[in-house]
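Student: Using only what follows, build the 3D model:
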Amino acid sequence: MEKYSAYRDPGTGIQPFLSPVPPQGSESLATILRPGLYLLGTIRCILVLLLGLVYFIVVQTVCFLLSPLPFVYKPVTDVLTAVIARLSLLAVGIYWVPVEVVRRKKGRTSVKESWSPKPGDVIVSNWISWLEIAWLAFRFNPTFVLPVTAPIEITASQTPSSSRITPGRKTGTGSAAISPPLQNRAQTKRADVLGFTEVSLLRIISVCGHVPPYGSGTSSALRSFEDVLECAKKARRPIVLFPECTTSNARGLLRFANMFKGVPAPVKDFNVFLMCSRIDPPTALLPTLSLPIPSSHPSINPIPHILSISSSILPHALSIRLLAPSESPSSGTFLLNEVLSGSTFGEDVLSEVCATLISEIGRVKRTGMGWEDKAMFLDFYRGKS
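Tutor: Residues are numbered from 1 along each chain as shown. Have a look, this model is predicted:
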């Protein structure tokens, strides 16, 4: 839509914040089946919510009593979390998640390498919705970490004015209605990452689509990155970081925040595991799996998204690509100049390396827009919708 063209990345032409829609002219069958699909979606959504309630009662409450006995607490919570997370994916129609370990060299061929993060290792991923979070919980039951960032101020110069957006020709495609983004608003700078906070599985699912500071409930304890690593080692879990700091619509990779300032590449103190989640474009019978725009009421997020993707009789396609550990930034054979060119790499070399490698293994273009741009987009979107 032309009124949001100011939030189209100027380098790639990608609009990474709007929810993808199916092609026009394919809605007839979906319209006929809509009443039955709504009923199916409601039943599935209730099942997912019941699984979430079971997780809260059993894993986060009852099993907490076992925390003084870590040799019992961890295996019990790992098994329960894996079962509930996998059942949740099944309930919404994700019956199988193809996982492929790939190399960036030799045409990104599949390889047989063990991809097994250990306690204190760091998993870095793109962020599309709550679905890859459920998959990570199923596979690794990790510690999820969110950044605590410096506040940003949304000014009039950074917000597009609708009066400056040219409607364009009535072509039906919207291509003529795209106005140059940089003429409508100022470019944004990266906000500083002040620290990190650990969040529960249910909490990180509830903030999907939101931007820092993610509302209330995430800043219980501000920790440095070193403290987070140490806590993860004690808890015997890997860490999951989403450097985009918010979700996209999977059409492009958002600009990474500077999460690893001061950490050199190659990394010596911990192992880095890179992954990229991928989804198919939506169709009339398969709504998008991405969740770029959160629910207007934070207390119900992401229930509308669960209801939407549950209202389909066809199986959804979610796939995971993992970078072979031998090519990770923590590998002993890693060479920085094979990934990044030039002599200057910005303030955060490791974040730049991770963004480049995730873009390559996922075959997704990088954009110059970050969570700061999305904060402005959501402010504009809610004011216009």
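Student: Which positions in stretch 73-92 come out as buried?
Tutor: Across stretch 73-92, burial judged by 16 or more other Cβ atoms under 10 Å covers 73-74, 77-78, 80-81, 84-89, 91-92. Glycine gets a C-beta too; all of them are placed from N, C-alpha and C.
Student: now do stretch 253-272
Tutor: Per 16+ other Cβ under 10 Å, stretch 253-272 contains these buried residues: 253-260, 263, 265-267, 270-272.
Student: The buried residues of stretch 73-92 in strands, which ones?
Tutor: Assigned to strands by DSSP state E, none of the buried residues of stretch 73-92 qualify.
Student: Mind putting the residues you listed into a markdown table with distance to residue 64 and pLDDT?
Tutor: Listed next are the buried residues of stretch 73-92 as a markdown table, based on distance: Cβ to Cβ, whole Å; pLDDT from 0 to 100:
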| residue | distance to residue 64 | pLDDT |
| --- | --- | --- |
| 73 | 8 | 94 |
| 74 | 12 | 94 |
| 77 | 9 | 96 |
| 78 | 15 | 97 |
| 80 | 12 | 97 |
| 81 | 13 | 98 |
| 84 | 16 | 98 |
| 85 | 18 | 98 |
| 86 | 22 | 98 |
| 87 | 21 | 98 |
| 88 | 21 | 98 |
| 89 | 25 | 98 |
| 91 | 25 | 97 |
| 92 | 27 | 97 |
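Student: hmm, back to that, and of the buried residues of stretch 253-272, the nearest to residue 323?
Tutor: Set against residue 323, the nearest of those by Cβ to Cβ is residue 272 (9.0 Å).
Student: Pull the most distant pair out of the buried residues of stretch 73-92.
Tutor: Checking the buried residues of stretch 73-92 with Cβ to Cβ, the most distant pair is 73 and 92, at 28.8 Å.
Student: sorry, back to before: quick check, nearest of the buried residues of stretch 73-92 to residue 55?
Tutor: Among the buried residues of stretch 73-92, residue 84 lies closest to residue 55 (Cβ to Cβ), at 4.8 Å.
Student: who's in contact with that closest one?
Tutor: With contact set as Cβ atoms under 8 Å, 6 or more residues apart in numbering, residue 84 has these partners: 51-52, 54-55, 59.
Student: Buried members of those into ChimeraX, please.
Tutor: Buried members of these can be picked out in ChimeraX with the line below, counting by 16+ other Cβ under 10 Å:
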select :51,52,55,59
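Student: of all the contacts of residue 84, which comes closest to residue 3?
Tutor: residue 52 (35.6 Å).
Student: Show the contacting residues for the nearest residue to that closest one once chain neighbours are set aside.
Tutor: Nearest non-adjacent residue to residue 52, counting by Cβ to Cβ, 6 or more residues apart in numbering: residue 202, 6.5 Å away. Contacts for residue 202 (Cβ under 8 Å, 6+ apart) come out as 52, 55-56, 60.
Student: May I have the helix or strand hosting residue 202 exported as PDB, CA atoms only?
Tutor: Residue 202 is part of helix 201-206 when elements are defined by DSSP states H and E. The C-alpha coordinates for helix 201-206 follow below in PDB (Å, rounded to 0.1, in the frame of the first residue of the first chain):
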ATOM      1  CA  LEU A 201       9.200 -19.100  27.000                       C
ATOM      2  CA  LEU A 202       5.700 -17.700  27.400                       C
ATOM      3  CA  ARG A 203       7.000 -14.200  27.800                       C
ATOM      4  CA  ILE A 204       9.100 -14.200  24.600                       C
ATOM      5  CA  ILE A 205       6.100 -15.700  22.700                       C
ATOM      6  CA  SER A 206       3.900 -12.900  24.000                       C
END
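Student: If you count neighbours, what's buried in that helix?
Tutor: 201, 203-206.
Student: cool, stretch 284-300 as well?
Tutor: For stretch 284-300, by 16+ other Cβ under 10 Å, it's 284-295.
Student: same deal with stretch 318-333?
Tutor: Here stretch 318-333 shows 318, 320-325, 327-331 as buried, counting by 16+ other Cβ under 10 Å.
Student: Likewise for stretch 223-232?
Tutor: Those would be 223, 225, 228-229, 231-232, for stretch 223-232 by 16+ other Cβ under 10 Å.
Student: From the residues you listed, which land in strands?
Tutor: Using DSSP E, none of the buried residues of stretch 223-232 sit in strands.
Student: Take the residues you listed and keep only those in helices.
Tutor: 225, 228-229, 231-232 (DSSP state H).
Student: Is it possible to get JSON lines of those that adds distance to residue 132 and pLDDT?
Tutor: Output for these, formatted as JSON lines (distance: Cβ to Cβ, whole Å; pLDDT from 0 to 100):
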{"residue": "225", "distance to residue 132": "22", "pLDDT": "93"}
{"residue": "228", "distance to residue 132": "20", "pLDDT": "94"}
{"residue": "229", "distance to residue 132": "22", "pLDDT": "94"}
{"residue": "231", "distance to residue 132": "23", "pLDDT": "93"}
{"residue": "232", "distance to residue 132": "19", "pLDDT": "94"}
